[in-house]
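A.B. asks: coords please:
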Amino acid sequence: MAVKPSGSLSFNTDIVGEFGGSTPHSLSEYYRGGANVPSGVTAIPASGAIDFSDFYGTSNVVDVVYYVVGSGGGGGGAGNGTAGTAGATTSISGSGFTTVTSTGGGGGPGGQGVVSNTAGSSPGAAGGAGTTVGGVERGAGGNGGTGRSSQSSSDDYDLGGAGGGGSSGQGGAQPGGGGAPGGAAGQYKTGTLSNITAGTVITVTIGSGGTGGTNSHGGTNGQNGGNGFVRLTINGTNYDFTSSGSQTV
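C.D. replies: Numbering: from 1, shown residues only. You can find the predicted model right below:
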């Protein structure tokens with residue numbers, strides 16, 4: 001429980017009772033970042049003048065609000081292209097709480113090419129919309145590849161059978177360059193880690209977005225999915241992670 005927010009404070013009951021320490025006690029034991037008060041308790045000074053009033057409302061435990069976004073899946077490649085890969089998992093872990101995990105979005109399948117005399121020109125489907133955290137879209141799925149918009153002789157298939165006189169006929173048909181589906185957005189979780197001991201290290205693992213599939217017979221590759229994201233809100237301060245790291249409560 002926290003030190004009371006107002007009124008008279010007892011050194012032993014209120015301050016020592018909350019933060020511990022060894023006798024004989026003195027206020028100099030209770031600087032922020034020292035042996036007894038973790039660096040996350042920002043109301044208490046780290047050096048210089050220190051007073052009982054600095055301890056009002058402080059606590060040796062902290063609530064941490066989290067936003068965890070898995071990475072997006074890669075979009076599929078156009079026109080008989082390959083599928084995009086799934087996005088990787090994003091997570092936070094540490095002592096005193098259960099690991100929070102958000103899975104990555106699935107990759108979009110490759111486009112379906114169809115033998116046709118008309119080149120495909122359909123657009124690739126958009127990737128799944130990511131979650132907006134801090135005004136930025138996070139963990140979106142990559143867009144699928146776009147179908148070929150014009151015919152190219154280099155993409156002709158030789159589909160003809162044997163012609164008269166034993167010569168080989170040229171079919172002249174083209175593979176359809178249909179657009180491919182986009183990847184899915186990553187999973188999103190938010191919540192509160194309650195009563196986390198100040199000084200606890202939270203490990204953040206950011207998942208990488210899935211890789212877009214490659215096109216075949218014209219068109220474009222699928223786009224890569226967006227990377228995962230984590231925001232930790234501690235004592236009113238936001239700590240944003242776009243790459244793996246750690247944060248001390």
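
A.B. asks: for residue 224, give me its contacts.
C.D. replies: Residues near residue 224 by C-beta atoms under 8 Å, 6 or more residues apart in numbering: 74-75, 84, 142, 209-212. Placement of C-beta: from N, CA and C, glycine included.

A.B. asks: kindly report the same for residue 101.
C.D. replies: 68, 89-91, 189.

A.B. asks: re the thing from before, of the contacts of residue 224, closest to residue 40?
C.D. replies: residue 209 (31.3 Å; C-beta to C-beta).

A.B. asks: related to what we said a few turns ago, farthest pair within the contacts of residue 101?
C.D. replies: Top of the distance list for the contacts of residue 101 (C-beta to C-beta): 89 and 189, 11.4 Å.

A.B. asks: spit out the residues that contact the two alike.
C.D. replies: 101-102.

A.B. asks: sorry, back to before: looking at the contacts of residue 224, which is nearest residue 239?
C.D. replies: Nearest member of the contacts of residue 224 to residue 239, counting by C-beta to C-beta, is residue 209, at 21.5 Å.

A.B. asks: helix, strand, or coil at the nearest residue to the closest one once chain neighbours are set aside?
C.D. replies: Leaving out its chain neighbours, the residue that sits closest to residue 209 by C-beta to C-beta, 6 or more residues apart in numbering is residue 225, at 3.3 Å. Three-state call for residue 225 (DSSP: H, G, I helix; E, B strand; the rest coil): coil.

A.B. asks: residues touching residue 225, list them.
C.D. replies: Going by C-beta under 8 Å, 6+ apart, the list of residues near residue 225 reads 71-75, 84, 87, 104-105, 107, 127, 139-142, 183, 186, 209-210, 212.

A.B. asks: 6 Å instead?
C.D. replies: When contacts are counted by C-beta atoms under 6 Å, 6 or more residues apart in numbering, residue 225 touches 71-74, 87, 141-142, 183, 209-210.

A.B. asks: same question for residue 74.
C.D. replies: 84-85, 107, 142, 183, 210-212, 222, 224-225.

A.B. asks: about what we covered before: redo the contacts of residue 101 as JSON lines? Include pLDDT and distance to residue 53.
C.D. replies: Formatted as JSON lines, these follow (pLDDT from 0 to 100; distance: C-beta to C-beta, whole Å):
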{"residue": "68", "pLDDT": "95", "distance to residue 53": "37"}
{"residue": "89", "pLDDT": "96", "distance to residue 53": "45"}
{"residue": "90", "pLDDT": "96", "distance to residue 53": "41"}
{"residue": "91", "pLDDT": "97", "distance to residue 53": "40"}
{"residue": "189", "pLDDT": "94", "distance to residue 53": "38"}
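
A.B. asks: so can I have JSON lines of those showing secondary structure?
C.D. replies: JSON lines is the format used below for the contacts of residue 101 (three-state DSSP):
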{"residue": "68", "secondary structure": "strand"}
{"residue": "89", "secondary structure": "coil"}
{"residue": "90", "secondary structure": "strand"}
{"residue": "91", "secondary structure": "strand"}
{"residue": "189", "secondary structure": "strand"}
